[in-house]
Every structure is written in structure tokens, then in C-alpha cells.
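# Need a 3D model of the following:
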Amino acid sequence: MSNLLIALLLTILLSCNSSKKTTENTTSKKEVELMQNLYRFNVSFISIGSGIDSKAKQAFIEFIRSFEEKNKVKIIYETAPWGREGETDFCFKLSDLNKGNQIKFIADSKDNLKNSKLVRFTENTTCKNDRK
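So this is what the prediction gives:
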């Protein structure tokens, strides 16, 4: 009887240990997936009932082109439309830029768009391209 009890306890202990390892592996896979989906910088053109600031959006597109020419870099980004009034996110990984150019691009972008009340900035988040 005591041998049976010992065998049962060993089985329980071993099964608990293996499920803990499985949970740790799953967590690390989720973390890796999250890291791959993070964008360094996002610019959201929002609307409060009357459409986006289209002049600011056009100026931002021109700013991107100008930044590329001045710094001899290529800015790769995704656009993610998500609303009925032209709401759009510009999502930048910026992985092709060195750290200095990343910081400069973000600071210059914020400065370029600081006068628009219909623009929001986020850093190190996912792209909201799944909004509908």
C-alpha cells in the first residue's frame, strides 16, 4: 500500500513539473510573437466627427519623403485605415534606421505635426490595422 502511495505521489510531482515547462515555453513564444508585432512609432490621424486633418496628413507624407532624401535612408511603413472618416494609422518599425535616425525621425515627426489636434502618437505598440 505504501509503495502504491509513493508511486502515486511521484506521478503527481512529475506531471506538475512537465506542465510548468509547457507553460514557460508557451509564454516565451507569445513574448516573441508580441516583440515581432511591435512597431517603434505609430502616427494616428483621428477624427472627431468631421474627418481627419487632411492637410496635416499630406504634410506628413511630404515630411517622410524629405527625411528620406536628407538622411539618405528609406522609411518603410504600413498604413492602416480604420474609420469611416479617413482615420488612418501610419505604423513604422524603423528597424532599417540606426538608433540616432530613429530618435530624430520620431522627434521631427512630432514637431511637424504638433499643431494638429487630430493626430496622436504611440511608441512601441502594435499597429492597429485590425480595427474595423
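
# all strands of this protein, in order?
For the chain, applying DSSP state E gives strands covering 38-45, 77-81, 88-92, 119-126.

# Redo the ones you listed as JSON lines? Include mean pLDDT.
Listed next are these as JSON lines, based on pLDDT from 0 to 100:
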{"stretch": "strand 38-45", "mean pLDDT": "95"}
{"stretch": "strand 77-81", "mean pLDDT": "92"}
{"stretch": "strand 88-92", "mean pLDDT": "95"}
{"stretch": "strand 119-126", "mean pLDDT": "94"}
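
# can you put the ones you listed in TSV and add mean neighbour count?
In short, each C-beta sits where N, CA and C put it, glycine included. Formatted as TSV, the entries for those read as follows, by neighbours: other CB atoms under 10 Å:
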stretch	mean neighbour count
strand 38-45	20
strand 77-81	15
strand 88-92	21
strand 119-126	14
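
# got TSV for the ones you listed, with distance to Ile61 too?
Formatted as TSV, the entries for the strands of the chain read as follows, by distance: least, CB to CB, whole Å:
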stretch	distance to Ile61
strand 38-45	11
strand 77-81	10
strand 88-92	9
strand 119-126	13
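
# Kindly report the domain assignment for the protein.
1-36, 38-126 (automatic domain parsing).

# Go through these and pick out the most buried.
The highest mean neighbour count among these, using mean count of other CB atoms under 10 Å, belongs to domain 38-126: a mean of 15.

# Just the endpoints, please. Distance across that one?
Length of domain 38-126, first residue to last, CA to CA, to the nearest Å: 5 Å.

# hang on, the earlier thing: which one, of the strands of the chain, ends up nearest to Asn98?
Of all the strands of the chain, the one in closest proximity to Asn98, counting by CB to CB, is strand 38-45 (12.3 Å).

# Of the strands of the chain, which is nearest Lys99?
strand 38-45 (10.2 Å).

# by contact count, what packs against the closest one?
Using 3 or more CB pairs under 8 Å, 6 or more residues apart in numbering; DSSP states H and E as the contact test, the elements touching strand 38-45 are helix 54-71, strand 88-92, helix 99-112, strand 119-126.
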